[in-house]
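A.B. asks: show me the folded form of this:
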Amino acid sequence: MSIISTGTSDWERPGSQSARAAYSVPEVAEKLGLSQASIWRAIRRGQLDGILIGGRRVITARSLEKLLSADAA
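C.D. replies: Got it, this is the predicted structure:
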């Protein structure tokens, strides 16, 4: 399963022109319909890869794809 496509430029398949490498915690929470606290918990548990870039924690698109494909299995 690929990253969710909402019909906008966000969450497109890797390799497309509008693909992004990483997303903020609030973006991921909103798109998945979860609280930010749930996303932070998933990061702490190792379910999502949160990386620090310039003092800001982001979640890689690859990590999201992995999580979503694991949930579908």
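
A.B. asks: report the longest helix in the chain, please.
C.D. replies: helix 61-72 (DSSP state H).

A.B. asks: residues of that one that come out buried?
C.D. replies: Ala61, Ser63, Leu64, Glu65, Lys66, Leu67 (16 or more other CB atoms under 10 Å). From N, CA and C alone the C-beta is placed, and that goes for glycine too.

A.B. asks: ok, Glu30 to Leu64 distance?
C.D. replies: Counting by CB to CB, to the nearest Å, the separation of Glu30 from Leu64 is 13 Å.

A.B. asks: low-confidence ranges, the protein, go.
C.D. replies: 1-18, 71-73 (pLDDT under 70).

A.B. asks: any idea how far the spatially most central residue of it lies from Ile53?
C.D. replies: To find the centre residue of the chain, average its C-alpha atoms and take the closest one (CA atoms, centre = their mean): that gives Leu64, at 3.9 Å. Per CB to CB, Leu64 is found 16 Å from Ile53.

A.B. asks: next one: Ala37
C.D. replies: 21 Å.

A.B. asks: who does Gly23 form a beta bridge with?
C.D. replies: Actually, residue 23 is Tyr rather than Gly. Ile59 (DSSP bridges).

A.B. asks: hang on, the residue nearest to the centre of the chain packs against Val28?
C.D. replies: Yes: under the contact definition of CB atoms under 8 Å, Leu64 touches Val28, with a separation of 6.8 Å.

A.B. asks: any common contacting residues for those two?
C.D. replies: By the contact definition CB atoms under 8 Å, 6 or more residues apart in numbering, Leu64 and Val28 are jointly contacted by Leu48.

A.B. asks: can you pull out the helices in this structure?
C.D. replies: For the chain, the helices identified by DSSP H occupy 25-32, 36-45, 61-72, in order along the chain.

A.B. asks: out of the ones you listed, nearest to Ala19?
C.D. replies: Distances from Ala19 to each of those were compared using CB to CB; the shortest belongs to helix 61-72, at 6.9 Å.
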